[in-house]
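1. what's the 3D shape of this:
(2 chains)
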Amino acid sequence: MSSSKASATVRMYRLDELGDCFLVTFLAGGKTSRMLIDCGSFRNTTASIARLEKIVKDIKTELAGARLDVVVGTHQHNDHLSGFVHCEKTFRSIGVDEVWLSWLDDPTDRTACRIGKDHNNLMLSLFNARKQLGNGARDGTVAQSLDVLNDMLGFYGAKGSGTPPVLPADAVKILKKLGRKQPQYLRPGCVLDMPGLPPGSVKVYVLGPPRDSDLLYRKDPRNGESYDHALAAQCLTTTKFLEAIEHRAGGDVSSQEEQYPFANSHKRRGAALKSARLKRIRRLYGKPDESWRKIDDDWMNQAETLALYLDTFTNNSSLVLAIELAENRKVLLFVADAQTGNWLSWPAIKWQQDGVKTDDLLARTVFYKVGHHASHNATLVPAFENMINPNLVALIPVHKKDPNITKPNGWKMPAKNLLKHLIAKTSNRVLQMDGKNPASCDPTKDPAKSSWKLVGIKPKVTDMFIELEFSGE
Amino acid sequence: MIKPAYRFLRGYCLDPGFSTRLDTASINEGIYRIPFEVLKPGPIGEYVEVIDFDPASHCWYDPVDLGDEEIASQYGLPPSEGNPQFHQQFVYAVAMKTIVTFERALGRKIIWYPRRSPRLAYELYTQQLDPKIHWNLRLTHEGRLKGLPAGLLSEGYVARLRLHPHALRDANAYYDPEKQAVLFGYFVAADQFQGANYPGGLVFTCLSPDIVAHEMTHAILHAIHPLYMEDTNPDVAAFHEGFADIVALLQRFTFSEMVEQQLAMTGGRLDRYNVLGELATQFGEALAGNRGALRSMIGRWTTKDGKEEWEPLKPSPADYATTVEAHDRGALLVATIFDAFQRVYAYSTRDLLRIASNGTGVLPEGSISRELVHRLAEEAREVAEHLLQICIRALDYCPPHDITFGDYLRALITADIDAAPADDKGYRVALIEAFRARGIFPEGVKTLSVDSLRWSGPNFTNKQTKMLSSVINEIKQHIRLLVETTDRHKVYELLRETQLVCQKALLFNKQKAFKEREWEDFLNKLGLTGRPVSKLFGLDSASVRFPYNYNSYVLPIEVGTVRPAFRASREEGRQIEQVLVTLTQRVLVEIGEDGERKRTMPFRGGCSLILRLGTSNEAEYVVGTSIKSYGRFERQRKYLLGEGEGPGPSASLYADDDRPWRINFNLLHRHRADGLSK
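-> Below you'll find the model as predicted:
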């Protein structure tokens, strides 16, 4: 099949938990080129690692001695990158030509470095906060905060065990050295040729993460729309929060902390609490039948806010790629875990190449890797409405048996409403990683079966992966 | 010695940041005038107690003693960010100012939401209480429930709301309904922070009059309408937020010195009303991060020919339909009321402007005369005060649960017709225009006119009118006592008794006067039913799943409130005397699964009764929603499951788990929905 028209095969590897691993194989002008987008899973259990190892071995078999032309690391979360740590050796034995990362990982970019530093500080602070909060039983609300903190730090490989949250960062370090060529740090507006193919046959358009200085320094950042100084503000808050937590645990009190928020002379502690002035009001506060009104621990719930903030921020730092099969103009859209802010930045992208329009890319999209395991706020409605191609199909990397989803009040993945719209928009051509598709989307039965036939794709489902072929026609 | 009427306390009119800006420094300090009361160090008064414990800093701060001669003789402590005692004084001052505003408009005393033990709250929510106990629950208080260990299921009077000026290290402040407390945070302002906050500076949320008023309003609104805590449609949380902002914003305009200075500063632009808009914009900025939406709803800064100019945002009839997120919708309500404020202000100052501009009505560029500024500020203050009263009074004309903005508009109009039938300055027309401009229409109202918006009176039959009248007769004695009682704790206890008597009277008279069908007809007119739950939605009942066997269970009628209100009108000599009663029923319905557990939803029906006391004991209005409405039930169910238009409340991953449909102020204030992940 040596057509000059490019075709592509998208393979979603099946993890037994939350995680992303996509192998895309392109054929054009008799040449084959392969791109691996992410390889990771949420947990780092023995089972998780064994599964990842099996998948990477399968990739090796599939490549039959060929190298991966491009490996893409979208953002620093376990469920996207952990495989590069756990299976580093296998990846080395496969061999990688090029690694693509987002501009946020670029060590020569000053903005990126500053953001990276803030990000890291925030994460380490939260890690320390988690350790401190874990000491001793707390009331209900703090327990819930701790729960959230555990969840969010779980994305960094730091669940419970006390291991520092560096797994995704380690993965990026490995990725930076994995390719034979220097890694490429992509910015929105970049247009690249897929390596290993006749130039121009497959093009890659970079949509996110946003870097527009307008967005970064916007006067009124709405949550998630831009992240630079909002992040800085969170960092400051976290520092003060952490100092308080350390103080509570009996640690050293910094001179700054001594004067915060008031001069030390105003603060009453220890023996000074027994003063006549304070006696009455402290008795009121300490009354046993008024104990339900105590606020001793309420301030610690902030950990939850900070954790959620960190998580949103990291998701928004996702590298988003639209891959175009140039001849037939089909577009494959990989959005990683991009949340609202990232999506919002796309319409304003200044493209390196004339004539490119974001809306047009969305309109020609025939494959959508559903963002953030199909959570409710990782597919922006107006952009999704722009995906008007009647041949649209979608894959959701979600495993409903993931403990994060099954636990009480668990994560809503896939979000019901989004799934409903996805099903409608793709005429039932949506497949979940765990194979637990809604009845109407079972590809072996109608209506989904004939719907897939209509677009000329026969989903290949094995224990290992789900595969879709996009022909050159 | 005669007790003085007022206590005067110094404080900020705007956020302290404005004191460090030359143009606003002179006016940022004002005098708060609040009713005099004997205070204990704290301050601890009748309504609030300031407890300055800073758990994050591991310390207490000495309580301020406002009775101390050295402090009292100076109008309180001078404003200072570095003195915690001033913070205590300031929180107290703004809190009391807000309470007074409410009490004056409502014509009755504020009684805080009672303390409910968590177990009781939970069992009440899930309706797992034995129906008999549930029935009796309204009849007892202070934990005196028969056959149950005291304390486990208890409800008790809360005399004072607690104010903690330094409770959090966060850019946040919130009202905690379970603790009956307001927690204020402090934080370091980041670089590039906007507005008046300087980078690296320490910001205390308890020093922002807007934030204090906002949180106090949440607490007061919860006391008046406890069921608005249940997030049953996209407007409810938005209403809580928006209403709190409205009170804070309008309260700002009651400081004439500040308004005067602002008007003088931008004299040439008066005719474009930018000054007022700018004040509102600052208001949005002071609450940056949390309420940025407010700014974008009222107006924005644009650069024109290299000059920064504030531009009011043009409302669109599509606004209401397209604004669905809770904060944005809340901001929309604020913008609407603010728009009405501008309209009335424009109307009532037209003559002044013409006098000052040789009849053209267009002021020349440059400064304007002091006298004119003074008069304009006076007008602004009066309009703000009236509008604030209208907005607060309308609360009594709102349904007891499941409020929508449309309901609120109708309540505003109805309440104001009662209060000021002549409406010389056109408040009602201004309100209608502002709501119309944003496409906020009440359901089932064909035209937007004062008459069609006014709630209609009840269409009771003679027999039903008589029935209601006899019920009211039985509580009349209690109502008289309630009117005479000034001690709030006694009011609370009387209220409990009155509820019981009212409930008994309803049932007793039923047996006496009505046949089964007549009784049902009467209840239906009140939004209630006497039929068993299994027949609640008629033919649609079959598709509804109830968690319990409800075959023969008849929902108890809960008497929420019975309060007499005496209010003065803005029109001379007018006094309105009414009694407000709320009657509700609630049923628990299964609506899906959440992991292993069943998801349940409380669904309510009932009404607010507005009664005129006299020989006839007539009901003037019955404002409510029917418990038998399957359509409303379906809408609520879809909304809660996120299947309706826009984001549902489940948009946030970590909703409260035991009572999932309650508004969480902590989160509401910290996040917009899209800031939460997963």
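2. For the top strand by length along chain B, which helices and strands make contact with it?
-> Ranked by residue count, the top strand of chain B under DSSP state E comes out as strand B:575-594. Judged by 3 or more Cβ pairs under 8 Å, 6 or more residues apart in numbering or on different chains; DSSP states H and E, the packing partners of strand B:575-594 are strand B:558-568, strand B:597-612, helix B:630-640. From N, CA and C alone the C-beta is placed, and that goes for glycine too.
3. Compare the ones you listed and give me the one nearest chain A.
-> When the helices and strands packed on strand B:575-594 are compared by Cβ to the nearest Cβ, strand B:597-612 sits nearest chain A, at 6.0 Å.
4. how far off strand B:575-594 does the helix or strand following that closest one point, in degrees?
-> Once strand B:597-612 ends, the next helix or strand along the chain (criterion: DSSP states H and E) is strand B:618-625. Put simply, strand B:618-625 runs at 20 degrees to strand B:575-594, going by axes from the mean of the first three to the mean of the last three Cα atoms, to 10 degrees.
5. what about the stretch 51-200 of chain B, any weak spots by pLDDT?
-> For the stretch 51-200 of chain B, the stretches flagged by pLDDT under 70 are B:117-154, B:189-200.
6. For it, which segments count as helices?
-> Secondary structure of the stretch 51-200 of chain B (DSSP state H, counting those that start in this stretch): helices at B:69-72, B:84-106, B:118-126, B:131-137.
7. Then the stretch 301-450 of chain A?
-> Taking DSSP H, counting those that start in this stretch, the helices of the stretch 301-450 of chain A run over residues A:302-316, A:340-345, A:358-363, A:381-385, A:403-406, A:416-425, A:448-454.
8. For A:Pro221, give me the pLDDT.
-> Looking at A:Pro221, its pLDDT stands at 34.
9. swap in B:Gln389?
-> Looking at B:Gln389, its pLDDT stands at 93.
10. ok so, going back, nearest to A:Met123, of the helices and strands packed on strand B:575-594?
-> strand B:597-612 (32.4 Å; Cβ to Cβ).
11. list the buried ones in the closest one?
-> Neighbour-count burial for strand B:597-612 flags B:599-611 (criterion: 16 or more other Cβ atoms under 10 Å in any protein chain shown).
12. Now do the contacts for the most centrally placed residue in chain B.
-> Nearest to the mean C-alpha position of chain B, by Cα atoms, centre = their mean, lies B:Leu221 at 3.8 Å. When contacts are counted by Cβ atoms under 8 Å, 6 or more residues apart in numbering or on different chains, B:Leu221 touches B:Tyr228, B:His240, B:Phe243, B:Ala244, B:Leu395.
13. and residue 91, what is it in contact with?
-> Assuming you mean chain A. The neighbours of A:Phe91, taking Cβ under 8 Å, 6+ apart as the test, are A:Val56, A:Val71, A:Phe84, A:Leu178.
14. um, chain B though
-> For B:Val91, the contacting residues are B:Val50, B:Leu163, B:Pro165, B:Phe184, B:Cys206, B:Val212, by Cβ under 8 Å, 6+ apart.
15. gap between B:Asp402 and A:Leu192?
-> 54 Å (Cβ to Cβ, to the nearest Å).
16. Of the two, which one has the most company?
-> Higher neighbour count among B:Asp402 and A:Leu192: B:Asp402, with 24 against 18, using other Cβ atoms under 10 Å in any protein chain shown.
17. B:Gly45 contacts B:Pro35, correct?
-> No. Look at B:Gly45 against B:Pro35 with Cβ atoms under 8 Å: they stay out of range, at 9.5 Å.
18. Neighbour count: these two, which is higher?
-> Taking other Cβ under 10 Å, B:Gly45 and B:Pro35 do not tie; B:Gly45 has more neighbours (22 against 15).
19. Least confident secondary structure element in chain A?
-> When the helices and strands of chain A are compared on mean pLDDT, DSSP states H and E, helix A:213-216 comes out lowest with a mean of 40.
20. ugh, wrong one, chain B
-> When the helices and strands of chain B are compared on mean pLDDT, DSSP H and E, helix B:131-137 comes out lowest with a mean of 41.
21. Now, the contacts of B:Leu221 that are in strands?
-> Nothing among the contacts of B:Leu221 maps onto strands, per DSSP E.
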